[in-house]
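Novice: Kindly return the folded structure for what I paste below:
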Amino acid sequence: MHILTHFMSDTLVIIPTYNEKENIQAIIEAVFNQKKRFHILVVDDNSPDGTAEIVERLITQYSDALFIEKRTGKNGLGTAYIHGFKWAIQKKYDYIIEMDADFSHNPKDLVRLYHACEKEGADVSIGSRYSQGVNVVNWPMKRVLLSYFASKYVRFITRIPIHDTTAGFVCYKRSVLETIKLNKIRFIGYAFQIEMKFKAWKHNFKIKEVSVIFTDRTEGTSKMSDGIIYEALFGVIKMRFKGLR
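Specialist: So this is what the prediction gives:
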């Protein structure tokens, strides 16, 4: 058994992709260059730009640590993560991290999120843009304000004690994902992130925010639209009243 430990990791980083050919190889290599050993699962939603082919080529190089799940349609971020969560639970990873492919989440922060759960006793650790002021680089002011006030609003409506409720850079202990009924998660867009945190909090899991700097993508095109944010805002009210019952 001991011989295999070099190949083992207790942590899976899930990277959902749709048309990320400019970033995917660099982000995979950056994750593998960290001091801690991570495994990566790319969940690709049938990218027409050849993202999956790049990953498959890299798998020959990192066959024990890099995996891909290809889905036939573009079904939204939430369903991509849920697909990845179920895969991770089945493979018995202890920690599962959500991460974007576009370097808006700094791979150097992966170890900090992991330590918050593994060493500091959190069940969920959040790479938070707003726990210490506003740490966002390259975003237009309108987007910063919309995101910042969306998080404030979610906090106000749900009473959830988290500054960055819409963050997509999150580490979950496997037990959290096993407890939350993943098939019951309703939201698939931006609100998915809020719903996951809300459910974890409702189950009394310990949530810790780790302050990070979020840098908007420099390569490829943004998947974020204002409509997605507005969808989240109205969804939260429904979620709150469902949660109360």
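Novice: ok, residue 116 touching residue 169?
Specialist: No - applying Cβ atoms under 8 Å, one finds residue 116 not in contact with residue 169, separated by 11.8 Å. In short, each C-beta sits where N, CA and C put it, glycine included.
Novice: buried stuff in stretch 189-207?
Specialist: Neighbour-count burial for stretch 189-207, counted by 16 or more other Cβ atoms under 10 Å, picks out 189-201, 205-207.
Novice: for this protein, which spans come out with low pLDDT?
Specialist: Applying pLDDT under 70 to the chain flags residues 1-7, 218, 220-232, 243-245.
Novice: Settle this for me: residue 144 is touching residue 136, isn't it.
Specialist: Yes - Residue 144 is in contact with residue 136 according to Cβ under 8 Å; the separation is 5.3 Å.
Novice: rewinding a little: among the buried residues of stretch 189-207, which two are most distant?
Specialist: The span of those, defined through Cβ to Cβ, is set by 189 and 206 at 26.8 Å.
Novice: who touches both of residue 144 and residue 136?
Specialist: Residues touching both residue 144 and residue 136 by Cβ atoms under 8 Å, 6 or more residues apart in numbering: none at all.
Novice: which ones are touching residue 114?
Specialist: Counted by Cβ under 8 Å, 6+ apart, residue 114 has contacts 11, 36, 95, 97, 125, 171.
Novice: and what of residue 76?
Specialist: By Cβ under 8 Å, 6+ apart, the contact set of residue 76 is 188-189, 192.
Novice: between those, which is closest to residue 106?
Specialist: Of all the contacts of residue 76, residue 192 has the smallest distance to residue 106: 21.8 Å, by Cβ to Cβ.
Novice: SS state for the closest one?
Specialist: Here residue 192 takes the helix state, with states given by DSSP: H, G, I helix; E, B strand; the rest coil.
Novice: Let me see the contact set for it.
Specialist: Residue 192 neighbours (Cβ under 8 Å, 6+ apart): 76-78, 81, 185.
Novice: any idea which of those is closest to residue 48?
Specialist: Relative to residue 48, and with distances defined as Cβ to Cβ, the nearest of the contacts of residue 192 is residue 76, at 16.9 Å.
Novice: coming back round to it: narrow the contacts of residue 192 to just the buried residues.
Specialist: Members of the contacts of residue 192 classed as buried by 16+ other Cβ under 10 Å are 76-78, 81, 185.
Novice: Among those residues, which are located in strands?
Specialist: Applying DSSP state E to these, no entry is found in strands.
Novice: Thanks again, I'm all set now.
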